[in-house]
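Visitor: okay, predicted coordinates and the sequence, questions at the end:
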Amino acid sequence: MAMGIINYYGGAASGSRYWNHGSVFWYVIRIATANDAHDDVHVDDVYGVKALHRVRTDIQLNIEFRFETRAAIESKLIFFFAYFILGSNMVYPYDEAERIVRLVARTYGKELFKYPNVVGYSNTPKPRIRKGRIVPEEKVLRVYVVKKVPEDQLRADEIIPKRFHGVPTDVVEIGKLRALQVHAERYRPIPCGVSTSRADEAAAGTIGWWVVTKSLNLYLISNNHVWAKENNGSPGDPLVQPGILDGGDPSVDVFAELVDFVPIDFSGNPNYVDVAVAKCLDMKQCYAAIMEIGGIASARDPVVGETVRKVGRSTGLTLGTVTDDSATVQVSYATGDALFEDVAIVEASEKIVQAGDSGSPVIGDDKAFLGLLFAGNDEGTVYVFCKTSRIEEQLTARFSEDVRILTVNAPTPYEKVIEYRYVFVTPSPTLWLESMYSFMLTVMMFSIVVGIIRAVTK
């Protein structure tokens, strides 16, 4: 339990004759005496301090400061002065980089969109990427751009600052993000991960997965821009499989009708999902399984660094790596640009997505449902998906009852299995006699031929 607190407030301003630092920053050092190793000392600063382990001071002194100014020296002196006074009752600070980056991203993140090429940013600290390699010890605010441009080709006001409100930045090229739409076969029963569209639109997207409400209603999900025509759909609109662009016929291929959708805001306010909900008209014709995957074992949000797979109408089953689990991005739609917050980004070195994959389910190695793909870059190496928790949250609000991702064990649909059958036949007595006669006749003919050959050669 804390016995006392010493506070030190310091700061430095750019251009001051006392301080030589590239930007304004503020920090606070709070040191508390304690009888319990779980009482923490907080060292706050806009990324100037990295102060780290929750360790008692009577075990080890392990504090690293990264101040670059004269204020750093003062802060260290005060810290060690307090250490010698408080002795082993003092405990160590922990790393607050994540809290600081979250705060800066939430408060100032949208300012980044004023720079040309910027399409998004991370909401949590991410490791720096240097020459294609991840540097885990360097935590930064990642800024996503359409294309990286050399600084000498930009005006001063177009260059993304090395430190954004005191937080170091790392510029990562992912291309322009677009809502994916467009191309597949007719399936009956209909699995997820295959072509679909509205009956009145020459397009094609992907059927995502299922949700279940508290009242035990089952619904299919895909993207708003696939089934609701970017907010222009109405409940009851017919949906087809395959999509019209893939030869779907509204007279025979209608399999579901639109129930609801989460509207996409194009005015600049944040969106969290691109989701629409549909009701299967004949449950015997709808398959609760994903092409090349099967059923879903659980539902959760993604984790940075994990390998995930998506199954879509255009590129089928592809693998990628989650590089950001909470990003803010701008996505281009036919209606205009829309801002999305708290979405996940997946990247790969090869093409993993293309037009028509919108609505694809994203699945973890543990067969957990992670979210719905809704946008990708032109090169097909990056896609963005809305997360499970946000889908459940937004649909729960729309339906005014609890809505959850369906988990169900199911085999892989339309999987080709080669089956070998060995048939053992017990011959009849007649067949035995015929076989023996044929064998004896063959031996006799062979003996005669051999005899003739020998007679001729003598």
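Guide: Now that the structure is in, tell me what you want to look at.
Visitor: what is the distance between stretch 303-312 and the centre of its chain?
Guide: 6 Å (Cα atoms, centre = their mean, to the nearest Å).
Visitor: kindly provide the distance from the closest residue to Y108 other than its chain neighbours to E434.
Guide: Distance criterion Cβ to Cβ, 6 or more residues apart in numbering; nearest residue to Y108, sequence neighbours excluded, is H165 at 5.2 Å. The C-beta positions use only the backbone N, C-alpha and C, and glycine is treated the same way. Distance, H165 to E434, using Cβ to Cβ, to the nearest Å: 95 Å.
Visitor: name the residue in those two with the higher neighbour count.
Guide: Taking neighbours as other Cβ atoms under 10 Å, H165 and E434 compare with H165 leading, 20 against 12.
Visitor: right, and that one touches V104 too?
Guide: Yes - H165 lies in contact with V104 (Cβ atoms under 8 Å); the separation is 4.9 Å.
Visitor: before we move on, back to that, distance of the residue nearest to Y108 from R102?
Guide: For H165, the distance to R102 - Cβ to Cβ - is 12 Å.
Visitor: and L373, backbone torsions?
Guide: Here is the backbone geometry of L373 (degrees, to the nearest 10): phi -70, psi 140.
Visitor: just give me the neighbour total for it.
Guide: L373 has 29 neighbours, counted by other Cβ under 10 Å.
Visitor: make sure it is actually in contact with A355.
Guide: No - L373 lies out of contact with A355 (Cβ under 8 Å); the separation is 11.9 Å.
Visitor: pull the CA atoms of stretch 118-126 into CSV?
Guide: The C-alpha trace of stretch 118-126 is given here as CSV (Å, rounded to 0.1, in the frame of the first residue of the first chain):
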residue,chain,number,x,y,z
VAL,A,118,-2.0,8.7,-46.0
VAL,A,119,-4.8,6.1,-45.9
GLY,A,120,-4.6,5.1,-42.2
TYR,A,121,-2.7,4.6,-39.0
SER,A,122,-2.3,2.2,-36.1
ASN,A,123,-4.2,2.8,-32.9
THR,A,124,-1.7,0.9,-30.8
PRO,A,125,2.2,0.7,-30.7
LYS,A,126,3.7,-1.3,-33.5
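Visitor: tell me where the model's unsure across this structure.
Guide: Residue ranges of the chain with pLDDT under 70: 1-97, 178-183, 416-428, 431-432, 458.
Visitor: can I see the domain layout of it?
Guide: 5-95, 98-173, 178-405 (automatic domain parsing).
Visitor: buried deepest among those domains, which one?
Guide: Mean neighbours per residue, mean count of other Cβ atoms under 10 Å, is largest over the domains of the chain for domain 178-405, with a mean of 21.
Visitor: and stretch 303-323, how far from the chain's centre?
Guide: The answer for stretch 303-323 is 7 Å, by Cα atoms, centre = their mean.
Visitor: and stretch 401-421, by the same measure?
Guide: For stretch 401-421, the distance to the chain centre is 22 Å (Cα atoms, centre = their mean).
Visitor: contacts for it, please.
Guide: 187, 189, 191, 209-215, 218, 287-299, 369, 388, 391-392, 395-396 (Cβ atoms under 8 Å, 6 or more residues apart in numbering).
Visitor: what about 6 Å?
Guide: Stretch 401-421 has contacts (Cβ atoms under 6 Å, 6 or more residues apart in numbering) with 191, 210-214, 287-289, 291, 294-296, 298-299, 369, 388, 392, 395-396.
Visitor: spit out the contact partners of G109.
Guide: Going by Cβ under 6 Å, 6+ apart, G109 touches 121, 328.
Visitor: to clarify, my last question referred to G336.
Guide: Contacts of G336 (Cβ under 6 Å, 6+ apart): F266.
Visitor: measure it to L216 for me?
Guide: As judged by Cβ to Cβ, G336 and L216 stand 38 Å apart.
Visitor: what's across from C386 in the sheet?
Guide: Beta bridges link C386 to L372, judged by DSSP bridges.
Visitor: from what I see, it and G371 are in contact.
Guide: Yes - when contacts are counted by Cβ atoms under 6 Å, C386 is listed as touching G371 (5.3 Å).
Visitor: quick one: T396 is in a helix?
Guide: Yes - judged by DSSP: H, G, I helix; E, B strand; the rest coil, T396 forms part of a helix.
Visitor: contacts only, for V146.
Guide: 117, 119, 175-176.
Visitor: filter those down to the ones in helices?
Guide: The helices, defined by DSSP state H, take in nothing from these.
Visitor: closest to M445 among these?
Guide: Proximity of those to M445 (Cβ to Cβ) peaks at G175, which lies at 77.3 Å.
Visitor: need the contact list for the closest one.
Guide: 146, 377-379.
Visitor: if we go to 8 Å?
Guide: Residues in contact with G175 (Cβ under 8 Å, 6+ apart) are 146-147, 377-379, 381-382.
Visitor: redo the residues you listed as a markdown table? Include secondary structure.
Guide: A markdown table is the format used below for the contacts of G175 (three-state DSSP):
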| residue | secondary structure |
| --- | --- |
| V146 | coil |
| K147 | coil |
| N377 | strand |
| D378 | coil |
| E379 | coil |
| T381 | coil |
| V382 | strand |
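Visitor: so which of these is the closest to A199?
Guide: Using Cβ to Cβ, D378 comes nearest to A199 of those, at 28.8 Å.
Visitor: grab the nearest non-local neighbour of that closest one.
Guide: G175 (5.4 Å).
Visitor: so how far is Y287 from that neighbour?
Guide: From G175 across to Y287, the span is 34 Å (Cβ to Cβ).
Visitor: can you check V343 too?
Guide: As judged by Cβ to Cβ, V343 and Y287 stand 28 Å apart.
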